[in-house]
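In: whatever this is, show me its structure:
(2 chains)
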Amino acid sequence: NAGVTQTPKFRILKIGQSMTLQCTQDMNHNYMYWYRQDPGMGLKLIYYSVGAGITDKGEVPNGYNVSRSTTEDFPLRLELAAPSQTSVYFCASSSRGNTEAFFGQGTRLTVV
Amino acid sequence: AQSVSQHNHHVILSEAASLELGCNYSYGGTVNLFWYVQYPGQHLQLLLKYFSGDPLVKGIKGFEAEFIKSKFSFNLRKPSVQWSDTAEYFCAVNPNNAGNMLTFGGGTRLMVKP
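Out: Below you'll find the predicted structure:
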């Protein structure tokens, strides 16, 4: 069972570059989420989606964009990378909003 | 907005010691509660969850947690820790009517000395 798959695992970006973090899940979950994890800060919700074609902002959406064209995929886009976006990014999915979330392996992003 | 507080940021224990990690949340209504664990270099995995019923919840690997509604707490416990329990532990709360906002605490980094 693949579960939630994120790519890439590691990436170094220069300030001002853009990139897309990929996330796909094979559990037919309606809900998908993007979190960033910073030391001592727990996980902060960036964006979430309750189904294909529907996205909404979380706690820290600035500097990011998402799309949800299919149930399986929920890519996260950084348009103009900044050092403050250095973090570990986790994608997650759940069958409903108030049930257990399943997490991907994470993407460690460094912006220099 | 709801918040989740984990009071211990770092805990160091010797093997066989007992563990209790605190978690408090701020939300007055019905909540779903979770503890996740993140082993070094890995993704978050669910340890246990509480939705309703018996407030003492048993999870994997000998962990348990007790929901005390009057104290807005969901503390994690294990009677005897092992070196393999070295990890970071996250408490998370989802208000029952919020649907989508799973809020995490800041995490507690546990180191178990062999």
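
In: quick check: phi and psi at B:Trp35.
Out: Dihedral pair for B:Trp35: phi -120, psi 130, per degrees, to the nearest 10.

In: what's it in contact with, if anything?
Out: B:23, B:46-49, B:59, B:63, B:65, B:74, B:76, B:89-92 (Cβ atoms under 8 Å, 6 or more residues apart in numbering or on different chains). Where C-beta positions appear, they are placed from N, C-alpha and C, glycine not excepted.

In: out of the residues you listed, which touch chain A?
Out: Among the contacts of B:Trp35, the ones lying near chain A by Cβ under 8 Å from any Cβ of the partner chain are B:46, B:49, B:90.

In: strands - which of the residues you listed land there?
Out: Among those, the subset assigned to strands under DSSP state E consists of B:46, B:49, B:90.

In: ok, and the most crowded of these?
Out: The residue in these with the most neighbours, by other Cβ atoms under 10 Å in any protein chain shown, is B:Phe90 (25 neighbours).

In: you'd agree that one is up against B:Tyr36?
Out: Yes. When contacts are counted by Cβ atoms under 8 Å, B:Phe90 is listed as touching B:Tyr36 (4.6 Å).

In: got any residues that touch both of the two?
Out: Common neighbours of B:Phe90 and B:Tyr36 are listed as B:44, B:104 (criterion: Cβ under 8 Å, 6+ apart).

In: give me the contact list for the lowest-mean-pLDDT helix or strand in chain B.
Out: Across the helices and strands of chain B, mean pLDDT, DSSP states H and E gives its lowest value to strand B:103-104, namely a mean of 87. Contact with strand B:103-104 is made by A:35, A:42-45, B:1-4, B:25, B:36, B:90-94, as judged by Cβ under 8 Å, 6+ apart.

In: with adjacent residues omitted, what lies nearest to B:Arg77?
Out: B:Glu20 (5.0 Å; Cβ to Cβ, 6 or more residues apart in numbering or on different chains).

In: same question, B:Ser80
Out: In space, and not counting its chain neighbours, B:Ser80 is closest to B:Ala16: 5.0 Å by Cβ to Cβ, 6+ apart.

In: tell me how many other residues surround the one you found.
Out: Residues lying near B:Ala16 (other Cβ under 10 Å) number 10.

In: which of the three states applies to it?
Out: Classification of B:Ala16 using DSSP: H, G, I helix; E, B strand; the rest coil returns coil.
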